[in-house]
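Visitor: Next input, structure requested:
(chains A and B)
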Amino acid sequence: TAGITQAPTSQILAAGRSMTLRCTQDMRHNAMYWYRQDLGLGLRLIHYSNTAGTTGKGEVPDGYSVSRANTDDFPLTLASAVPSQTSVYFCASSDRGDGYTFGSGTRLTVV
Amino acid sequence: GQSLEQPSEVTAVEGAIVQINCTYQTSGFYGLSWYQQHDGGAPTFLSYNALDGLEETGRFSSFLSRSDSYGYLLLQELQMKDSASYFCAVRQDYNQGGKLIFGQGTELSVKP
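Guide: Below you'll find the model as predicted:
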């Protein structure tokens, strides 16, 4: 089934540890995004990439980094996790910008 | 600053019509999208308006007025399965990706 695969589905992480959330798409979309969703705050853009080799900062980029080595993969790295990064993380992709396809999310708890 | 305002909760009965409004104030505007999310699952795309007017897709319609910085999602013949959160989102960027900024969501409860 075409779409976006995120891994892991959920994770409990000790504060101060690093972690990479994986995102892979098989639709050959040029643009990819990382959002976090917190109760009452909707979806907030962390980082985005309009095409392989380029990335940009969203609304809440601090504490996160991304890379886009190829079209299909867009990993999100937390270098040193803090409890405020407890959230549900969604990866998305888009071909023309009018409709995004989202992955099923990664539920991260930082303790 | 940037803001998208939509009601936090809406309740309606099965078979009725409901309208979810969205007003926005953003730096850059290239279109308004709507997404549906069930129980924290993956948001799914419903509609996109780049120009003023009404777009209809089955039971769902979406409207945009760029001069008023306002849009709405209209759901007709409500069904229990329509109970979900609905998000409006502004496309801020004309690059291929679009870069969406989302509102905080409206939780729709459909009652029998």
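Visitor: What is the one helix or strand in chain B whose mean pLDDT sits lowest packed up against?
Guide: For chain B, the helix or strand with the lowest mean confidence is strand B:100-102, at a mean of 90 (criterion: mean pLDDT, DSSP states H and E). For strand B:100-102, the contact count by 3 or more Cβ pairs under 8 Å, 6 or more residues apart in numbering or on different chains; DSSP states H and E identifies strand A:42-49, strand B:84-91 as packing neighbours. Placement of C-beta: from N, CA and C, glycine included.
Visitor: any chance of the ones you listed in a markdown table, with mean pLDDT and mean neighbour count too?
Guide: Putting those into a markdown table (pLDDT from 0 to 100; neighbours: other Cβ atoms under 10 Å in any protein chain shown) gives the following:
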| stretch | mean pLDDT | mean neighbour count |
| --- | --- | --- |
| strand A:42-49 | 93 | 23 |
| strand B:84-91 | 95 | 25 |
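Visitor: Tell me the buried residues in stretch A:71-87?
Guide: By neighbour count with 16 or more other Cβ atoms under 10 Å in any protein chain shown, stretch A:71-87 contains the buried residues A:71-72, A:74-76, A:78, A:81, A:85-87.
Visitor: that older thread, quick one: which of the helices and strands packed on strand B:100-102 is nearest A:Thr5?
Guide: Closest approach to A:Thr5 among these is made by strand A:42-49 (16.8 Å; Cβ to Cβ).
Visitor: That closest one packs against which elements?
Guide: In terms of contact count using 3+ Cβ pairs under 8 Å, 6+ apart, strand A:42-49 is assigned the packing partners strand A:31-38, strand A:56-57, strand A:64-66, strand B:84-91, strand B:100-102.
Visitor: would TSV of the ones you listed with distance to A:Ser93 be doable?
Guide: Written out in TSV, the entries for the helices and strands packed on strand A:42-49 read as follows (distance: least, Cβ to Cβ, whole Å):
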stretch	distance to A:Ser93
strand A:31-38	5
strand A:56-57	15
strand A:64-66	13
strand B:84-91	15
strand B:100-102	12
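Visitor: Out of the ones you listed, flag the one nearest A:Thr106.
Guide: Proximity of the helices and strands packed on strand A:42-49 to A:Thr106 was assessed by Cβ to Cβ; the nearest stretch is strand A:31-38, lying at 9.9 Å.
Visitor: Switch the helices and strands packed on strand B:100-102 over to JSON lines; also include distance to B:Gln36.
Guide: Converted to JSON lines, the helices and strands packed on strand B:100-102 look like this (distance: least, Cβ to Cβ, whole Å):
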{"stretch": "strand A:42-49", "distance to B:Gln36": "13"}
{"stretch": "strand B:84-91", "distance to B:Gln36": "5"}
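Visitor: re the thing from before, now for the helices and strands packed on strand A:42-49, which one comes closest to B:Thr57?
Guide: Comparing these by their distance to B:Thr57 (Cβ to Cβ), the top pick is strand B:84-91, with 13.9 Å.
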